[in-house]
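Participant: Got a predicted structure here, sequence first:
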Amino acid sequence: MARLRRWRIVRRIIQLGFLGATNLYLAGWIRGAIYTGSSKMFPIPGLHCYSCPSSVLSCPVGSVQSIVSSPGFLGGLTSGRADALALLGLLGLVLLPAFVAGRIACAYVCPFGLLQDLMYRIPAPRLRVPASWRAGKYVMLVLFVLLLPMVLRPVPLAGGDPWFCKVVCPAGTSLAGWPLALHDGGETLQLGWLFGWKSAVAALILAWFVFSKRPFCRVLCPLGALWGAAGKASLVRMRVSGDCIDCGLCRDVCPVDIQINREPASAECIRCGECVRACPVDAISHRPAWRKDDEEG
Amino acid sequence: MKKGSGRTLRDWLWVPLVLVFLVPVALVVAPKHTDGPAFEETGPLLSGRAALDSLLQASSGRRVLVNLWATWCTPCIGELPHLARVRDSLHPSVEVVAVSVGDPDVEAVRRFHSRAALPLPMVWLDAEDARRLLDEWEVADVLPVTMAFGSDGREESRVAGARSLAFFMAMAREGDLDSLPGRHGGSGGDHGVLHVNVVGPVDSPETAALLEEAVRLAGEEGVDLYDPGDPADSATMDSLMLPRLEVPYAQPCVGSACGRPSTTPSVLAETAAGLLGGS
């Protein structure tokens, strides 16, 4: 287990390093303002609100919604409009890590993943999330990130709304909504019932982090859905050899609660490598997709 | 391993957990669909000051709301259906006229008019007519503006910035506007904080000059810069309904009231001053 502990420290350092590197505008927290420099056109590979005061990158989920909800987007897809092409570029950029190693960014880059990892360390009763609930995030992706922003137009002739940001995202509420509202005192932000709804949602989801392993990543995160699906074609995959004794230790240490020896190709796996270090018989490893099992000996 | 059968109720709890988020979506969207019955007819689109004057003359003896708007002004587009609803409910005792005073090209107004199909008369004024009207009525360089004229033709009230259906109903029925939210401050043009959207290529000297003036007026936090050549900025511009002009420009806004796009620092300063002090 010493090897696992050492690996966890390395992973935490990498997670914190990415958190620091993508949140350089610390003055934003004091001024109650967001960074608007040119780096904001690039998405962070993780769920991190564009409006978080210190963030110097944009949120990929917000960016996708912003593009698909722009007026005339659907027509633009066929006529090669700039925003439609931008969506393809953005998706390519976001999917790049997934084609390398599935949901690896969830394990090392996503600040909301780090928050869940840390909050689950708080001693509390444990609630296991049924495997069937994983389907929720695919519905989130299709319905709230793509379909509704594309088709609902509450203001006639204007663009649509980023519905995932607007009614769901607890990262947006906790990292941007709450700090900016506190700073502003509600003076110009005109907080309404929707802010109350999102605050309640965020509070419940944050509380859930204490009791279950990464519940947001597994049940609700549209980015996790995107990366999980793309990860099925990733270059680096998980391999479990015949030495496995089915002890279940891999599931105990897994941040997303999967038993890798039973589902080595799971779209849920975030490739954190903890099971690799925890396995008492070294049966679990990362493996290039093109390498056959027998080559490994 | 998957267990195709034998799923318990707990296994399906993710469905309500996800679908519950449709409730706020429905609440946000529903008022737009349940404002009242669908409009049966579309009002005419007229052109020129003479058409506006004859329309106002034909409405003498009745209360009239005149709304000044432009196709590039998102708050204006958002509130036009409210004004249409007011006319639909109160006509003929009340007339409501929407006057486009910020569109140099009538085609943009024509497209909006046919797509929106609102049951209120719209009048398009070219730049010269619009300028003359705004000077004559002493309207600051800000949109939207809504003015209420009594049955004797005298102006009774005016507001800058977008308002709700309830507000316009009260305005049309001589209600107590002071008791309604939005009469002062917030979205009005007189108490808010100035925000400026600067649009232009980042390496252009004109953009730099506008940006410098915008920062002087609104501070760094009050300024956003958009480069139409940048795909991400371009998409954001579309979502904010920022107009696409041939030259760099800056558009000042206070709350939901926006001044016209200004192409030089001096015009920007003037427009912003009018916005902060006007109406």
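Facilitator: Great, that's in hand. Numbers count the residues shown, from 1 in each chain, chains lettered A, B, ... in the order given.

Participant: helices and strands of chain A: which one bottoms out on pLDDT?
Facilitator: Within chain A, no helix or strand scores below helix A:293-296, which has a mean of 53 by mean pLDDT, DSSP states H and E.

Participant: Check chain B for the residue nearest chain A and tell me.
Facilitator: Chain B approaches chain A most closely through B:Pro231 (3.4 Å), counting by CB to the nearest CB. Using the backbone N, CA and C atoms, a C-beta is placed for each residue, glycine as well.

Participant: For that residue, grab the count of nearby residues.
Facilitator: Using other CB atoms under 10 Å in any protein chain shown, B:Pro231 has 21 neighbouring residues.

Participant: What is the burial count for the closest residue to it other than its chain neighbours?
Facilitator: Excluding the flanking residues, the one nearest B:Pro231 by CB to CB, 6 or more residues apart in numbering or on different chains is A:Ala86, at 3.4 Å. Counted with other CB under 10 Å, the neighbours of A:Ala86 add up to 22.

Participant: mind listing what A:Ala86 touches?
Facilitator: Contact partners of A:Ala86, counting by CB atoms under 8 Å, 6 or more residues apart in numbering or on different chains, are A:Ile67, B:Pro231, B:Ala232, B:Ser234, B:Ala235.

Participant: Touching, the third one and A:Met41? I think so.
Facilitator: What that stands for is B:Ala232. Yes: between B:Ala232 and A:Met41 a contact is recorded at 4.0 Å, counting by CB atoms under 8 Å.

Participant: Give the residues shared as contacts by the two.
Facilitator: Overlap of the contact sets of B:Ala232 and A:Met41 (by CB under 8 Å, 6+ apart) consists of A:Ser58.

Participant: which of these two has more neighbours?
Facilitator: For B:Ala232 versus A:Met41, neighbours defined as other CB under 10 Å are more numerous around B:Ala232 (23 against 18).

Participant: who in the stretch 51-200 of chain B is up against chain A?
Facilitator: The stretch 51-200 of chain B comes close to chain A at residues B:Thr74, B:Ile77, B:Gly78, B:Pro81, B:Phe112, B:Arg115, B:Ala116, B:Gly186, B:Gly192, B:Val193, as judged by CB under 8 Å from any CB of the partner chain.

Participant: Have a look at the contacts of A:Ala86 and tell me the least confident one.
Facilitator: Across those, the bottom pLDDT score, 69, is held by B:Ala235.

Participant: And B:Asp103, how far from B:Tyr226?
Facilitator: Using CB to CB, to the nearest Å, one obtains 20 Å as the distance from B:Asp103 to B:Tyr226.

Participant: Equivalent analysis for A:Phe73, please.
Facilitator: Going from A:Phe73 to B:Tyr226 by CB to CB gives 18 Å.

Participant: likewise A:Ala265?
Facilitator: According to CB to CB, A:Ala265 and B:Tyr226 sit 44 Å apart.

Participant: Mind checking which of these two has more residues around it?
Facilitator: A count of neighbours by other CB under 10 Å puts B:Tyr226 above the other of A:Ala265 and B:Tyr226, at 20 against 13.

Participant: excluding its backbone neighbours, what's nearest the more buried one?
Facilitator: B:Asp233 (4.4 Å).

Participant: Quick check: which element contains the one you found?
Facilitator: helix B:231-240 (DSSP states H and E).

Participant: How about B:Val96?
Facilitator: With DSSP H and E as the criterion, B:Val96 is inside strand B:94-100.

Participant: I'd like the distance from that strand to the chain centre, please.
Facilitator: 14 Å (CA atoms, centre = their mean, to the nearest Å).

Participant: In the sheet, which strands lie alongside that strand, parallel or antiparallel?
Facilitator: Strands adjacent to strand B:94-100 in the sheet, as given by DSSP bridges, are strand B:63-69 (parallel), strand B:122-124 (parallel).

Participant: Dump these to CSV, plus mean pLDDT and mean neighbour count.
Facilitator: CSV is the format used below for the strands paired with strand B:94-100 (pLDDT from 0 to 100; neighbours: other CB atoms under 10 Å in any protein chain shown):
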stretch, mean pLDDT, mean neighbour count
strand B:63-69, 94, 23
strand B:122-124, 94, 24
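
Participant: Check chain A for the residue nearest chain B and tell me.
Facilitator: Per CB to the nearest CB, A:Ala86 is where chain A lies closest to chain B, at 3.4 Å.

Participant: Could you report the distance from that residue to A:Met41?
Facilitator: A:Ala86 is 9 Å from A:Met41, where distance means CB to CB.

Participant: what do you get for B:Leu56?
Facilitator: 48 Å.

Participant: what do you get for B:Leu194?
Facilitator: 25 Å.

Participant: picking up where we left off before, need the max-distance pair from the contacts of A:Ala86.
Facilitator: A:Ile67 and B:Ser234 (9.7 Å; CB to CB).

Participant: between the two, which one's more packed in?
Facilitator: Neighbours per residue (other CB under 10 Å) separate A:Ile67 from B:Ser234, with A:Ile67 holding more: 30 against 20.

Participant: shaky segments in the stretch 101-250 of chain B?
Facilitator: Along the stretch 101-250 of chain B, segments meeting pLDDT under 70 span B:140-141, B:175-192, B:235, B:238-246.

Participant: what about 80?
Facilitator: The stretch 101-250 of chain B contains residues with pLDDT under 80 at B:139-142, B:159-162, B:174-193, B:229-247.

Participant: now the strands for it?
Facilitator: Under the criterion DSSP state E, counting those that start in this stretch, the stretch 101-250 of chain B contains strands at B:122-124, B:145-149, B:155-160, B:194-199, B:223-226, B:249-254.

Participant: out of the ones you listed, deepest packed?
Facilitator: With neighbours defined as mean count of other CB atoms under 10 Å in any protein chain shown, the strands of the stretch 101-250 of chain B peak in mean count at strand B:249-254, which reaches a mean of 26.

Participant: what's next to that strand, contact-wise?
Facilitator: Taking CB under 8 Å, 6+ apart as the rule, strand B:249-254 contacts B:142, B:161, B:188-189, B:192-200, B:210-211, B:213-214, B:217-218, B:242-243, B:258-263, B:268, B:271-272, B:275-276.

Participant: Restricted to helices, list those.
Facilitator: Those of the contacts of strand B:249-254 mapping onto helices are B:Leu210, B:Leu211, B:Glu213, B:Ala214, B:Leu217, B:Ala218, B:Leu268, B:Thr271, B:Ala272, B:Leu275, B:Leu276, per DSSP state H.

Participant: What is the neighbour count of A:Met119?
Facilitator: A:Met119 has 16 neighbours, counted by other CB under 10 Å.

Participant: what about the strands of the stretch 101-250 of chain B, which gets the closest to A:Leu16?
Facilitator: Closest approach to A:Leu16 among those (CB to CB): strand B:223-226, 30.7 Å.

Participant: got any ranges where chain A has weak pLDDT?
Facilitator: Filtered on pLDDT under 80, chain A yields the residue ranges A:1, A:33, A:36, A:70-88, A:153-160, A:184-192, A:291-297.

Participant: what are the ranges of the strands in it?
Facilitator: For chain A, the strands defined by DSSP state E cover A:236-240, A:284-288.

Participant: Can you tell me what sits against the first one?
Facilitator: Strand A:236-240 is contacted from outside by A:100-102, A:260-261, A:264-266, A:269, A:271, A:283-289, A:293, A:296, using CB under 8 Å, 6+ apart.
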